[in-house]
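[1] heads up, no residue letters with this:
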């Protein structure tokens, strides 16, 4: 899975947060920053899920390879 989308999204949020207009009232600024924080939390969860899925795929591939090697060795012994 490709995580570049999420990294780009996070970078865009950083640019957005850094470019908030000075004229925003403190409540508005706080609300925007809270929304950005919530989106960052979501991004973090998505990236963690992607890493978990990738790890599971790698482990499954290793198990299949081990099983294939064992089957081949057993076949050679016959």
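    Here it is on my side, so go on. Here the structure is a predicted model, which means the values were calculated and not measured.
[2] ok now stretch 19-26, how far from the chain's centre?
    Computed by CA atoms, centre = their mean, to the nearest Å, the chain-centroid distance of stretch 19-26 equals 30 Å.
[3] First-to-last residue distance for it?
    Length of stretch 19-26, first residue to last, CA to CA, to the nearest Å: 15 Å.
[4] and stretch 53-61, how far out from the chain's middle?
    For stretch 53-61, the distance to the chain centre is 15 Å (CA atoms, centre = their mean).
[5] Sorry, wrong one. I was asking about stretch 51-61.
    Its chain's C-alpha centre and that of stretch 51-61 lie 13 Å apart, by CA atoms, centre = their mean.
[6] same deal with stretch 43-62?
    Offset of stretch 43-62 from its chain centre (CA atoms, centre = their mean): 8 Å.
[7] Flag the shaky bits of the protein, pLDDT-wise.
    Applying pLDDT under 70 to the chain flags residues 1.
[8] Centroid-nearest residue for it?
    In the chain, the centroid-proximal residue (CA atoms, centre = their mean) is residue 47; its distance is 1.3 Å.
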